[in-house]
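Trainee: Sequence first, predicted model second:
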Amino acid sequence: MTLASRAILVVEDEPQIRRVLRTLLELERFRIIEAENAARGLTEARTHKPDLVIIDLGLPDRDGMAVITGIRSWSRVPIIVLSARSDESDKVAALEAGADDYVTKPFGVRELSARVQVALRHAASTGAAGATLAIGDWRIDLKARTARAADARELHLTPIEYRLLEVLGQHIGLVVTHRTLLLQVWGPGSAEQTHYLRVYMKQLRAKLEPDPARPRWLLTETGVGYRLAQHD
């Protein structure tokens, strides 16, 4: 599929926001489908099967969360929330309902464009991604459980550290919530033990980041989760 044929569904009730998004995304050669409420958004999603959905939560007929859960019942299309709600609880709820990313209004067009590209790349690579991560000087083979630098230095990582990197790597560039990480790495009995994450992320940064106090790759989304950043 060529970039020109990719469609993005924008579910947003504010006409001025839709105009901004249409201008931005059409400049990047996307085809835009617009919906002004939740009911229309769900209909357009099923009818057009877009490559990505951008959705506001404050819709006039139903909360945007209903659209996220409705789409997730039949599709894995990338979903980016674009909302004025900035509370951590709203971000966590949207991500755990199935959104791939969350951008707070007012938003920067360059940031939103970057988030769109990351979500599309992630969708394209899901199921086909390699088992190797590049983090700074380190190349981490998740299957072989090895971590080496270009100068042949080796790094010891624990099984939990490898598993954390594996889960973050499956969503590279996107937010992964505390709960998702805890469930996938430690299991259901540890879903509320966020201190586990703090300890292990601190250890990973100390091992992988040139300056652990100013991480470039292992990023914190305060109150929400963590993100493994992409750098060109």
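Mentor: Looks like it came in fine. Numbers count the residues shown, from 1 in each chain.
Trainee: in this structure, which segments are predicted with low confidence?
Mentor: 1-4, 125-130, 231-232 (pLDDT under 70).
Trainee: ok, now which ones touch the residue nearest to the spatial centre of the chain?
Mentor: The centroid of the chain falls nearest to Leu174 when counting by CA atoms, centre = their mean (2.5 Å). If you count contacts by CB atoms under 8 Å, 6 or more residues apart in numbering, Leu174 has them with 100-101, 118-119, 122, 227. Where you see a C-beta, it was placed from the backbone N, CA and C, and this is true even at glycine.
Trainee: can you tell me how far it sits from Arg227?
Mentor: Note on Leu174: its distance to Arg227, by CB to CB, to the nearest Å, is 7 Å.
Trainee: which SSE is Ala123 in?
Mentor: helix 109-125 (DSSP states H and E).
Trainee: Listing partners with orientation, what would you give for the next helix-or-strand element following that helix?
Mentor: Later in the chain than helix 109-125, the nearest helix or strand by DSSP H and E is strand 132-135. In the sheet, strand 132-135 lines up against strand 138-141 (antiparallel) (DSSP bridges).
Trainee: Flag every buried residue along the strand it pairs with.
Mentor: By 16 or more other CB atoms under 10 Å, the buried positions in strand 138-141 come out as 138, 140.
Trainee: got it, and stretch 23-41?
Mentor: 24-25, 30, 32-41.
Trainee: same check, this time on stretch 57-72
Mentor: Here stretch 57-72 shows 57, 59, 64-68, 70-71 as buried, counting by 16+ other CB under 10 Å.
Trainee: Next step: the residues you listed restricted to helices.
Mentor: Using DSSP state H, 64-68, 70-71 are the members of the buried residues of stretch 57-72 that sit in helices.
Trainee: Pick out whichever of the residues you listed sits closest to Leu95.
Mentor: Proximity of those to Leu95 (CB to CB) peaks at Ile68, which lies at 9.5 Å.
Trainee: What's the local residue count around the residue nearest to the closest one when sequence neighbours are not counted?
Mentor: What sits nearest to Ile68 in space, not counting adjacent residues and going by CB to CB, 6 or more residues apart in numbering, is Ala97, at 4.7 Å. By other CB atoms under 10 Å, 17 other residues sit near Ala97.
Trainee: what's the distance between Ala97 and Leu208?
Mentor: For Ala97 relative to Leu208 (CB to CB), the value is 31 Å.
Trainee: List the contacts of the host helix or strand of Arg148.
Mentor: Under DSSP H and E, the secondary-structure element containing Arg148 is strand 146-149. Here strand 146-149 makes contact (CB under 8 Å, 6+ apart) with 137-141, 154-157.
Trainee: Could you do stretch 182-193 as well?
Mentor: 160, 163-164, 167, 179, 194, 196-197.
Trainee: For it, what is the spacing between the initial and final residues?
Mentor: 7 Å (CA to CA, to the nearest Å).
Trainee: Let me see the domain layout of this structure.
Mentor: 3-125, 132-228 (automatic domain parsing).
Trainee: most packed of those domains?
Mentor: domain 3-125 (a mean of 18; mean count of other CB atoms under 10 Å).
Trainee: any chance you could map the helices in the chain?
Mentor: 15-27, 38-48, 64-72, 88-97, 109-125, 159-169, 178-185, 194-208.
Trainee: Return the member of the contacts of stretch 182-193 nearest to Gln16.
Mentor: Looking across the contacts of stretch 182-193 and measuring by CB to CB, the closest to Gln16 is Arg179, at 34.9 Å.
Trainee: Excluding sequence neighbours, find me the nearest residue to the closest one.
Mentor: Closest to Arg179 by CB to CB, 6+ apart is Ala191, at 5.6 Å.
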